[in-house]
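1. next come a sequence and a model predicted from it.
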Amino acid sequence: MPATIVVGTQWGDEGKGKFTDLVAKEMKLVVRYQGGHNAGHTLVVDGETFALQLVPSGVLYNHTIPVIGNGVVVDPKVLISEMDMLESKGVDCSSLVVSGNAHLIMPYHQELDALHERQLGDAKLGTTKRGIGPAYADKAMRVGLRVQDLLDPKIFTEKLQVALDYTNKVLTQVFGQPAVDGDEIAANYLNEYAPRIIPHIGDAVSIVHDALEAGNEVLLEGAQATFLDLDHGTYPFVTSSNPVAGGACTGAGIGPRHIDRIIGIAKAYVTRVGAGPFPTELFDEIGDHLVDVGREYGTNTGRRRRPGWLDAVMLRHAVRVNSLSELAITKLDVLDQLEKLKVCVAYEIDGQRVTQLPYHQSELHRATAIYEELPGWKSDITAATSLSELPQQAADYLAFLEQQIGVPIRLVGVGPGREQFLDRHA
Ligand code: GDP
Ligand code: IMO
Ligand code: MG
């Protein structure tokens, strides 16, 4: 059976968690393929809210096996507390598999993340300070520790020593900080975390392929989003992994031939946390309204998200780099009270009208949005369960987006709850 990817198409927090949970209803496996606990995926089921950082959003179903793929960076302390949180809410995590090839986030990664940000001063990226960048940097430098190293204390301590020989020089000689104590880290990781993580360590690649070969459906859940992608995002204001659909192949260990459905998730407006260009950003009362009604504060860090109008130029680019087969629109209900809605259909850059995303970052910084204005619907759509229950203006808004973006819009979110969605094709 083929695999499906859920991928963010903007700057994160589009509602990937909710839609992963929704689509997971038909899946045997749900695999997180990249990122780490910089992610915050919120699910609201029967009035109860679950904020997930590492555990895949399919965990709430008994029939799905949640898998943390090799492309993820895992802070074992965070993973243990997330499993404890889920268990305390009655969610069974015993089937969770963590790829032995996933890399470990170490305490010095978090320290380096904060030090790099401080070093950048006004040019800081606004990272989540979870150690994501330094952990992926160590992976690329080939001095990272992997989840499988928790299985062998000798290997773990040898690799830690190699990593610290370098990292302690950076900490002491570049940043003037005290060296970190390898014995203390080893004690925490091997004595405290390893006993809890080891029962979950597995061969995620084989598990995924066995499921596909047995005719089961596999869902690949992305964190972050297209414009936070290390290669395709607004570099350097990006994360250090590949959230795009291609990253699902490397981060889960499957080839593109296995994938037949790629669902891009887009909010009906745009938000961004942290620094970087944002052509449709709003600094007025409409922006405040979107933040208030959409509760746009980070699940993870509590930071206010920067709001803006929906940007079709970005979405057209996301369709290309992810080969999206469809788009899901979330948080349509957040627009309920607005008189007029704007959608950015092109940019003006140096007097030229541009309909595709410029590759040159300076042009994006100079871009001003060209909008089309549509009427709002001024009514509550949170109970709508089918297209026919939407006001005409809301249905027209979706049809306009579909025509602008060029792929079908099927699933539409009308509230945070699991049941608050409609399928335009149903
Ligand atoms: P993710 O990181 O992409 O999984 O998204 P987050 O969970 O960080 O942020 C999305 C927020 O919007 C969460 O609080 C969700 O509960 C909420 N949400 C998701 N879909 C909808 C929707 O259709 N309407 C509304 N009002 N809220 C939604
Ligand atoms: P989910 O999966 C929104 C942003 C940070 C920062 C940049 C780099 O919930 O959509 P990092 O800590 O990754 O080095 O930070 O990326 N960022 C996110 N923004 N949602 C996320 O995840 C994010 N994960 C990272 O704010 O601008
Ligand atoms: Mg989020």
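-> Yes, it's here. Numbering: from 1, shown residues only. Ligands and ions are numbered 1, 2, ... in the order given.
2. what are the phi and psi values at whichever residue of the stretch 251-400 of the chain sits closest to ligand 2?
-> Nearest to ligand 2, among the residues of the stretch 251-400 of the chain, is Gly274, at 2.1 Å (CB to the nearest ligand atom). Bear in mind the C-beta positions are built from the backbone N, C-alpha and C, glycine included. When read as degrees, to the nearest 10, the backbone of Gly274 gives phi 90, psi 180.
3. against Leu220, how distant is it?
-> Distance of Gly274 to Leu220, computed by CB to CB, to the nearest Å: 25 Å.
4. which one's more surrounded, the two?
-> Ranked by neighbour count (other CB atoms under 10 Å), Gly274 and Leu220 place Leu220 first, with 32 against 20.
5. ok, which stretches of the stretch 1-150 of the chain are strands?
-> For the stretch 1-150 of the chain, the strands defined by DSSP state E, counting those that start in this stretch occupy 3-8, 29-32, 41-45, 48-52, 65-68, 73-74, 97-99, 103-104.
6. what pairs with the first one, and is each one parallel or antiparallel?
-> Just to be clear, that refers to strand 3-8. Strand 3-8 pairs in its sheet with strand 218-221 (parallel), strand 259-267 (parallel), by DSSP bridges.
7. in CSV: those strands, plus distance to ligand 1.
-> Formatted as CSV, these follow (distance: least, CB to the nearest ligand atom, whole Å):
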stretch, distance to ligand 1
strand 218-221, 9
strand 259-267, 6
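8. could you identify which of those strands is most buried?
-> Mean neighbours per residue, mean count of other CB atoms under 10 Å, is largest over the strands paired with strand 3-8 for strand 218-221, with a mean of 30.
9. immediately after that strand, which helix or strand?
-> Following strand 218-221 in sequence order, the next helix or strand is helix 245-252 (DSSP states H and E).
10. measure the residue in the stretch 101-250 of the chain positioned nearest to ligand 3 to Asn242 for me?
-> Residue nearest to ligand 3 within the stretch 101-250 of the chain: Ala223 (7.8 Å; CB to the ion). Ala223 sits 11 Å away from Asn242, taking CB to CB as the criterion.
11. now swap in Asp229 and tell me
-> 6 Å.
12. ok so, going back, Ala223 and Asn242: which is more packed in?
-> Between Ala223 and Asn242, Ala223 has the larger neighbour count (other CB under 10 Å), namely 32 against 27.
13. coming back round to it: what sits against the residue of the stretch 101-250 of the chain closest to ligand 3?
-> By CB atoms under 8 Å, 6 or more residues apart in numbering, Ala223 lies in contact with 8, 12, 16, 32, 34-36, 38-39, 41, 243.
14. redo that, cut-off 6 Å
-> Neighbouring residues of Ala223 by CB atoms under 6 Å, 6 or more residues apart in numbering: 35, 39.
15. repeat that for Ala369.
-> Counted by CB under 6 Å, 6+ apart, Ala369 has contacts 279-280, 344.
16. run the chain-centre distance for stretch 275-291.
-> In terms of CA atoms, centre = their mean, to the nearest Å, the centre of stretch 275-291 is set 20 Å apart from its chain centre.
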